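S.K.: Fold the following for me, if possible:
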Amino acid sequence: MWHRLQQQLWQWRGFAIGVPSATVIVVLLRLLGLLQGLELAALDTLFRLRPPEAMDDRIVIVGISEADLQHFGYPIHDGLLAELLDLIARGEPRAIGLDIYRDLPVPPSYDSLVSAFRSNPSLLEAADPVEPGYQKLAEVYRNTPNLIGIQKVTGGVDRVAAPPVLAELDPSRIAANDLPRDEDGKLRRAFLYLTDPETDEIMFGLGFRLAMLYLEEEGIEPELTPDERQWIELEDTVFIPLNGRDGGYVGFDSSGYQILINYRGPANTFQTIELRDAIDGQVSPDIFRDRIVLIGFTAESLKDFFDTPFSAKNTHKGIQKTAGVEVHANLVSHVLSATLDDRSQIFTWSEPIEWAWIAQAALVGAVLSWLGRYTKSWVRVFGQIAAGAFLVIAAYIAFLQGWWIPLIPPLLAQAVAATYVTAYIARSAADIRDTFSRYLTDEVVATLLETPEGLKLGGERRTITILTSDLRGFTSISERLPPEQVVAVLNIYLEAMADAITNYQGTIDEFMGDGILVLFGAPTQREDDPERAIACALAMQAAMDGVNREMAARDLPTLEMGIGINTGEVVVGNIGSLKRTKYGVVGSQVNLTYRIESYTVGGQILVTDSTLTEVGDIVEIESVEQVSPKGVKEPISIHSVIGIQGKYQLHLETNGVELRDLSPELSVRYTPLQGKHLGDRTVDAQLVQLSLKCARVRAPEIPNPLTNLRFQVKVPGENGEIDGEFYGKVVKDEQSETGEFYIRLTAVPPEVKAYFERLYGNELPSASANVQLSEH
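M.R.: All right, here's what the predicted structure looks like:
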């Protein structure tokens, strides 16, 4: 278990610092209040994106509009206000909220007085023309017990007292109409109650006091929760107060009992009646029955308008503001709906949960960056966008359920963590290259870095597919060329092969002169390793055409390559010492693959049963041979592959080879090779037919198929005959005559090739580099 934990910690070390760092940075920015504006703006956006809600028909507003002011004048005098209140009271509403300051008597305007005096000159004899209207208003105050007046509690010198008559009758009929603004000037919060700083008495907010009167008719009285928190509770609904750090807030004045207003919508969400319509009898008093009636100014000239979460800029109307009386109506609706309709309030998480949410966003951003370090840039960007979209959707869904969860901080944490991990990877790239310069592929480097034992000696058992390739006759070619040309030949050949191998995600384990050892399944295993190995071999053989064109352009010899493929269990890992380490493979299956490759002729691919079993019937087989490699107890089948179907659609050219009779027959002597060494037995033979790629041989004995032979032949020279030699491999041919066999020429020195061409007038046919001797 501890070993596995070590592996995981090492693998994810790239963001072991990034995630906590991003979390701490964002949390600190939040605690300092630097994100508050963005978070409140995000909250406003959630309000505006929320589906529209139905009108609350328990509330009606009597608004004093611009038209009312033009008709009745300003301020609204006591007599007119008394008439309006009396009209509303006759409709028997549950509560009336007068959101108009009335600490002093308000007489009729001068124009109204002149008009009244002209129509009734006896009024001039009255000692106080204001008194009748004020007395009437006072009488209405006394006769309307469910009428609530207002006073302004906060503001110091800007305090406004309550209507004196109401204050004398019953202090509980006075409510505070104070509304706390946020730093950006918007109204998002409201008081359920607050403490008068002068009298030290608790005063209910206007909206909450009106809601209490309505709920009294339902038999619901406010209570305090029995625990030490003393939260307000109506029936089963608890109203949780905001503190200075709830949601996106940081250190606002949390005095009093404040909650977030769950606005029903933008301005004009509630039914509104104009003053003139009410006074002129355009509406019946019955419209007020069993409802809460709020009276206030809706005339924009009086500046009793406020920004709310819905105050977004409108192209045609500018920024939409909401009248103060409607803000109080929203609070009334909030309380009633939460208590009676189970409408959700707006709650916030505790700080530890919010921090955990921020941390998980940072974790996701870091993980996506780390996992995507080997993918294309658009994939990484898409992953980050998808994760950010999830955070936005989660915040929106939570808001629909009544939860205000962080949105800006987790998005910022995700971005910071992703940026950190990306920077870490970029900064580490140079160090990684220096430390692991002895390794050959990016996958090997990644594997070493992502495991704690990456640089330790040792290995693990794993079933992989092994591909080995070798140039046929390259030893004799290299002996005849200067070292510089040998290097040039190898560079041309190895560059083309490396490109083909990389395209099929093979791992080049080693270049051994002209030989290549390629691994499929180490260090990274994939389900299609055997299939890709065969496709890679076909692509390598196809690439030899381009190699030989380049060789011809440089006047260098033509090359042919053989490939062997085998699948089996090996040990993969780090081999060597602490000073010098090599990532490689060991095991009998590696040796077997080399032996399989040794049976090939130029342009041929030989594959074992173990590989074909993994790939299935999509491989095209030209021939099958039974062989007994050294170190293998039982004979095995090797298959000559000429193509693969499926998604690769690769094929070798299999043009037949034209053999021509030799007359007279050419005398030769051959010696079987045992590995890299000549045998101790030489056999006299005759070349009966010949082409530049193969030959038909008559001999007193037939060598085993796939046996390598060295041939000796007399080549005419300027000073008489000279000894020449060439090499061939015995190929299976069921139509050969008794005492005859076919060989594939594997190495023909230039002097021997020139002799053949002179002997036959340069008419001897040759096959392409990829032609294999077809089985007759």
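S.K.: Partner strands of the strand or helix carrying Val668, with direction?
M.R.: Here Val668, judged by DSSP states H and E, is contained in strand 660-674. Strand 660-674 sits in its sheet next to strand 677-678 (antiparallel), strand 683-690 (antiparallel), strand 708-717 (antiparallel), going by DSSP bridges.
S.K.: Specify which residues of the stretch 651-776 of the chain, grouped into ranges, have pLDDT under the cut-off.
M.R.: 654-657, 733-737, 759-776 (pLDDT under 70).
S.K.: go with 90
M.R.: Low-confidence segments of the stretch 651-776 of the chain, defined by pLDDT under 90: 652-665, 673-680, 688-695, 701-702, 704-707, 716-723, 731-739, 744-776.
S.K.: and the strands paired with strand 660-674 as CSV, adding distance to Gln271 and mean neighbour count?
M.R.: Every C-beta, even on glycine, is put in place using the N, C-alpha and C of the backbone. Shown next, in CSV, are those (distance: least, Cβ to Cβ, whole Å; neighbours: other Cβ atoms under 10 Å):
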stretch, distance to Gln271, mean neighbour count
strand 677-678, 108, 10
strand 683-690, 109, 17
strand 708-717, 103, 18
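S.K.: Those into JSON lines, with extra columns for distance to Arg189?
M.R.: Shown next, in JSON lines, are the strands paired with strand 660-674 (distance: least, Cβ to Cβ, whole Å):
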{"stretch": "strand 677-678", "distance to Arg189": "95"}
{"stretch": "strand 683-690", "distance to Arg189": "102"}
{"stretch": "strand 708-717", "distance to Arg189": "93"}
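S.K.: can you tell which of those strands is closest to Glu625?
M.R.: Ranking these by their distance to Glu625 (criterion: Cβ to Cβ) puts strand 708-717 first, at 14.4 Å.
S.K.: got the CA coordinates for that closest one in PDB?
M.R.: Provided in PDB are the C-alpha atoms of strand 708-717 (Å, rounded to 0.1, in the frame of the first residue of the first chain):
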ATOM      1  CA  ASN A 708      22.400 -19.200 -45.400                       C
ATOM      2  CA  LEU A 709      25.000 -20.200 -47.900                       C
ATOM      3  CA  ARG A 710      28.300 -18.700 -49.100                       C
ATOM      4  CA  PHE A 711      29.000 -19.300 -52.700                       C
ATOM      5  CA  GLN A 712      32.400 -19.300 -54.400                       C
ATOM      6  CA  VAL A 713      32.700 -18.700 -58.100                       C
ATOM      7  CA  LYS A 714      35.500 -18.000 -60.600                       C
ATOM      8  CA  VAL A 715      35.100 -14.500 -62.100                       C
ATOM      9  CA  PRO A 716      37.100 -13.600 -65.200                       C
ATOM     10  CA  GLY A 717      39.500 -10.700 -64.700                       C
END
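S.K.: Past it, which element shows up next along the chain?
M.R.: Counting by DSSP H and E, what follows strand 708-717 is strand 720-731.
S.K.: And for the helix or strand following that next one, what's in contact with it?
M.R.: Next along the chain after strand 720-731, taking DSSP H and E as the criterion, comes strand 740-747. Contact with strand 740-747 is made by 472-473, 475-477, 560, 601-602, 688, 692-699, 702-703, 708-709, 726-731, 733, 736, 772-773, as judged by Cβ atoms under 8 Å, 6 or more residues apart in numbering.
S.K.: what about burial for those residues, which qualify?
M.R.: 472-473, 476-477, 560, 601-602, 688, 692-699, 703, 708-709, 726-731, 733, 736, 772-773 (16 or more other Cβ atoms under 10 Å).
S.K.: Quick check, Leu326 in contact with Ala267.
M.R.: You called it Leu, but residue 326 is Glu. Yes: counting by Cβ atoms under 8 Å, Ala267 is a contact partner of Glu326 at 6.5 Å.
S.K.: If you count surrounding residues, which of the two has more?
M.R.: Glu326 (28 against 19; other Cβ atoms under 10 Å).
S.K.: From Leu179, how far off is that one?
M.R.: Glu326 sits 11 Å away from Leu179, going by Cβ to Cβ, to the nearest Å.
S.K.: Can you name the residues that contact the most centrally placed residue in the chain?
M.R.: With distances taken as Cα atoms, centre = their mean, the residue of the chain nearest its centroid is Gly383 (1.8 Å). Gly383 sits next to Leu368, Gly372 when contact means Cβ under 8 Å, 6+ apart.
S.K.: low pLDDT regions in the stretch 51-200 of the chain?
M.R.: Within the stretch 51-200 of the chain, the stretches with pLDDT under 90 are 103-133, 154-159, 197-200.
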